[in-house]
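Trainee: Let's see this in three dimensions:
(chains A and B)
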Number of protein chains: 2
Amino acid sequence: MEIYLIRHGIAVERGIYTQDRERPLTEKGITKTTKVAQKLLDIGVTFEYILTSPLVRAYQTAEILKNVGLSKTISIHEPLAPGGDIQLWLQWLSNHYHEAQRIALVGHQPDLGNWAEMLILGDIKNQIVVKKAGIIGVKMIDNQELIGNSELFLLTSPKWFID
Amino acid sequence: MEIYLIRHGIAVERGIYTQDRERPLTEKGITKTTKVAQKLLDIGVTFEYILTSPLVRAYQTAEILKNVGLSKTISIHEPLAPGGDIQLWLQWLSNHYHEAQRIALVGHQPDLGNWAEMLILGDIKNQIVVKKAGIIGVKMIDNQELIGNSELFLLTSPKWFID
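Mentor: All right, here's what the predicted structure looks like:
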């Protein structure tokens, strides 16, 4: 099983919207995110599940992934909101694991980098950083428990992926 | 300062050459490695130094990087041979650090993954794996000591980089 932790695209700056969670993607954010999604499709990556943070900039990112054809559905998953608990996602996963080859999680920094560190190291070091519309790819090894035993196989950003 | 740990391209199988260190790149290995080198150049990455393992498949990879224009010179660096000691490279670096923005290290697995883990975590976990002609990008943060304090900003393979 492969987990793709995907950060939302470029969003409008803080301050214009009263609530941080309402900030939408900018036009540039939509364009770059669409190119990233299209490149994933070209490589042949599709997802059984796309789970997304409920914040607008993440949900829009997930919609773009779905609309290019990377998945049939998207689901809001509260633990992907900033500060969310990876254990709650692992609980969800224990009920869906048998069905999934590839799962996309759309969310925020530093949470996504921290979740990746939990999966590969079992600990948070704040030394894996994913840029906007960037991807962290983590792979389960030999059906071992994910936390602390997974392999990092990808860390990329639009600069390294689509340009 | 950014360190690019680059694994050699696809080489001919073991057994044809009596010495492992003599195995050259295959035609496919040359083609893929050249595309990776060209893509780095297109993105605007160049190196003040390319250091390489003395083994033929690594040296050929370094030559390809140089020949597309990523660096003016390449140097054989014994600590990049399989099982080499990262501390010897750090000694070299202490004499060259002030001159370098970007350094490429061409070598082998599992050493390159392990060196990256030493730089970002200060410890070897065997959970960062770079494929042939793949790249690990590690960045020094705020002039802190490299070991255990660096940031991982890139982990990619030809599949995710050039295809």
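Trainee: switch to C-alpha atoms for all contacts and neighbour counts from now on
Mentor: OK.
Trainee: The worst-scoring helix or strand of chain A on mean pLDDT: which residues count as buried?
Mentor: Ranked by mean pLDDT, DSSP states H and E, the weakest helix or strand in chain A is helix A:86-96, scoring a mean of 94. By 16 or more other CA atoms under 10 Å in any protein chain shown, the buried positions in helix A:86-96 come out as A:86, A:89.
Trainee: Using CSV, write out every CA atom in that helix.
Mentor: Listed next in CSV are the C-alpha coordinates belonging to helix A:86-96 (Å, rounded to 0.1, in the frame of the first residue of the first chain):
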residue,chain,number,x,y,z
ILE,A,86,-2.7,10.7,12.9
GLN,A,87,-4.1,8.0,15.2
LEU,A,88,-7.6,8.9,14.1
TRP,A,89,-6.6,8.4,10.5
LEU,A,90,-5.0,5.0,11.4
GLN,A,91,-8.3,4.0,12.9
TRP,A,92,-10.1,4.9,9.7
LEU,A,93,-7.4,3.0,7.8
SER,A,94,-7.8,-0.2,9.8
ASN,A,95,-11.4,-0.4,8.4
HIS,A,96,-10.4,0.3,4.8
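Trainee: What parts of chain A come near chain B?
Mentor: Applying CA under 8 Å from any CA of the partner chain, we find that chain A lies next to chain B at A:43, A:120-121, A:125, A:127-130, A:149-157, A:159-161, A:163.
Trainee: try it again with 6 Å
Mentor: A:127-128, A:151-152, A:154-156, A:161 (CA under 6 Å from any CA of the partner chain).
Trainee: Which of these has the largest number of neighbours?
Mentor: Highest neighbour count within the residues of chain A next to chain B, by other CA atoms under 10 Å in any protein chain shown: residue A:155, with 29 neighbours.
Trainee: what residue ranges in chain A score low on pLDDT?
Mentor: Judged by pLDDT under 70, chain A has no weakly predicted residues.
Trainee: Now the top helix by length along it - C-alpha only, PDB.
Mentor: Secondary structure of chain A per DSSP state H: the longest helix is helix A:27-43. C-alpha atoms of helix A:27-43 as PDB (Å, rounded to 0.1, in the frame of the first residue of the first chain):
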ATOM      1  CA  GLU A  27      -5.600  31.100 -10.100                       C
ATOM      2  CA  LYS A  28      -1.900  30.100 -10.100                       C
ATOM      3  CA  GLY A  29      -2.600  27.600  -7.400                       C
ATOM      4  CA  ILE A  30      -5.400  26.000  -9.500                       C
ATOM      5  CA  THR A  31      -3.100  25.900 -12.600                       C
ATOM      6  CA  LYS A  32      -0.200  24.300 -10.800                       C
ATOM      7  CA  THR A  33      -2.300  21.800  -8.900                       C
ATOM      8  CA  THR A  34      -4.100  20.800 -12.100                       C
ATOM      9  CA  LYS A  35      -0.700  20.200 -13.800                       C
ATOM     10  CA  VAL A  36       0.500  18.100 -10.800                       C
ATOM     11  CA  ALA A  37      -2.700  16.000 -11.000                       C
ATOM     12  CA  GLN A  38      -2.400  15.500 -14.700                       C
ATOM     13  CA  LYS A  39       1.200  14.400 -14.300                       C
ATOM     14  CA  LEU A  40       0.100  11.800 -11.700                       C
ATOM     15  CA  LEU A  41      -2.500  10.500 -14.200                       C
ATOM     16  CA  ASP A  42       0.100  10.400 -17.000                       C
ATOM     17  CA  ILE A  43       2.400   8.300 -14.700                       C
END
